[in-house]
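1. Model the structure of this input:
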Amino acid sequence: MRAVIAGAGAVGASIARELHAHGHEVVVVEARTDAARKADVGGARLVLGDACDLAVLEQCGALEADVLVAATGDDRVNLVCSLLSRSEFGVGRTVARVNNPLNDWLFDESWGVDVAVSTPSIMTALVEEAVETGDLVRLLRLEAGGAALSEFRVPAEHWLEGRRIGTVSWPQEAPLVAVVRDGAPRQASADEVLEVGDELFFLAAGSAEPALRRLLVGEGRAQGRSEAAESAGTPSS
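-> Numbering: from 1, shown residues only. Coordinates of the predicted model:
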């Protein structure tokens, strides 16, 4: 995924570091020289310039970007940056930071904003979830007990397609707590058959998260396909 982030302050830098750590290609643009000099954006590329300037956005790779994150401390900049990214560069997804709750009503599609949010950790999750299908995305870490709410969207040709929930060997400490299909929540019952595009929500203990990731996106997929074939009465490949 290619992401352009406007703003190298605490919020923008935090998002840049996390996205880069997850293997995404990230460019951060910052208009303030002092802020740019002090910014810790990890391995992301840093560009000095105005995110509301078309030439600067082009320099940052907006034409090839999958997502634009407007994370400055100025709502006006975030709105204009989102609008330009959508209207001039055709960026497929925009996530914008809302600094003043009174401005929340402005952050909608008319300004090119797909998702408006204020919490940095949630912003990072939404950026990834918006463009990544078939990856496990942590949405929220709970303070008590170290558990986290994570989401997985079933991609095409995944072994979970057509599988009943009750026939899957989920990690014991990572229960599937909800399924959302076509925007509507469904009960995660044992007889529910999963479909492509289903959003699966897990409440996973920290110790169980690696096993859940392996099952869904790692080497555990082979075991899952084998179990799926056995449950269907067909030989696995």
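2. can I see the domain layout of the chain?
-> Taking automatic domain parsing as the domain assignment, the record places the domains of the chain at 2-131, 136-232.
3. Lowest average confidence across the ones you listed, which one?
-> Ranked by mean pLDDT, the domains of the chain end with domain 136-232 in last place, scoring a mean of 81.
4. distance between that domain and the chain's centre?
-> Relative to the mean C-alpha coordinate of its chain, domain 136-232 is positioned 16 Å out (Cα atoms, centre = their mean, to the nearest Å).
5. Stretch 58-72 too?
-> How far stretch 58-72 lies from its chain's middle: 15 Å, per Cα atoms, centre = their mean.
6. which residues touch that stretch?
-> Under the contact criterion Cβ atoms under 8 Å, 6 or more residues apart in numbering, stretch 58-72 has outside partners 1-7, 9, 11-12, 15, 27, 29, 47, 49, 51, 77-79, 81-82, 85-86, 88-97, 113, 120, 123, 127, 130-131. Just so you know, the C-beta spots here come from the backbone N, C-alpha and C atoms, and that holds for glycine as well.
7. which other helices and strands contact the lengthiest helix in the chain?
-> Counting residues, the longest helix in the chain under DSSP state H turns out to be helix 75-89. Using 3 or more Cβ pairs under 8 Å, 6 or more residues apart in numbering; DSSP states H and E as the contact test, the elements touching helix 75-89 are strand 2-6, helix 54-59, strand 67-70, strand 93-97.
8. any chance of these in TSV, with distance to residue 182 and mean neighbour count too?
-> As requested, the helices and strands packed on helix 75-89 are exported to TSV (distance: least, Cβ to Cβ, whole Å; neighbours: other Cβ atoms under 10 Å):
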stretch	distance to residue 182	mean neighbour count
strand 2-6	27	27
helix 54-59	34	15
strand 67-70	23	30
strand 93-97	19	26
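9. And these: which comes nearest residue 35?
-> Proximity of the helices and strands packed on helix 75-89 to residue 35 was assessed by Cβ to Cβ; the nearest stretch is strand 2-6, lying at 12.0 Å.
10. now the angle from the closest one to helix 75-89?
-> Taking axes from the mean of the first three to the mean of the last three Cα atoms, to 10 degrees, one finds that strand 2-6 is oriented at 140 degrees with respect to helix 75-89.
11. Give the buried residues for stretch 14-22.
-> When burial is assessed from 16 or more other Cβ atoms under 10 Å, stretch 14-22 yields the following buried residues: 14, 15, 16, 17, 18, 19, 20.
12. of these, closest to residue 182?
-> Scanning the buried residues of stretch 14-22 for proximity to residue 182, where the rule is Cβ to Cβ, the winner is residue 19, at 28.1 Å.
13. Make sure the closest one is actually in contact with residue 4.
-> No. Between residue 19 and residue 4 no contact is recorded; they are 10.8 Å apart, counting by Cβ atoms under 8 Å.
14. quick one, strands of the chain?
-> Secondary structure of the chain (DSSP state E): strands located at 2-6, 25-30, 45-48, 67-70, 93-97, 115-117, 136-141, 148-153, 176-181, 184-186, 199-204.
15. Switch the ones you listed over to CSV; also include distance to residue 104.
-> Rendered in CSV, the data for the strands of the chain read as follows (distance: least, Cβ to Cβ, whole Å):
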stretch, distance to residue 104
strand 2-6, 18
strand 25-30, 24
strand 45-48, 28
strand 67-70, 14
strand 93-97, 10
strand 115-117, 7
strand 136-141, 20
strand 148-153, 23
strand 176-181, 24
strand 184-186, 24
strand 199-204, 24
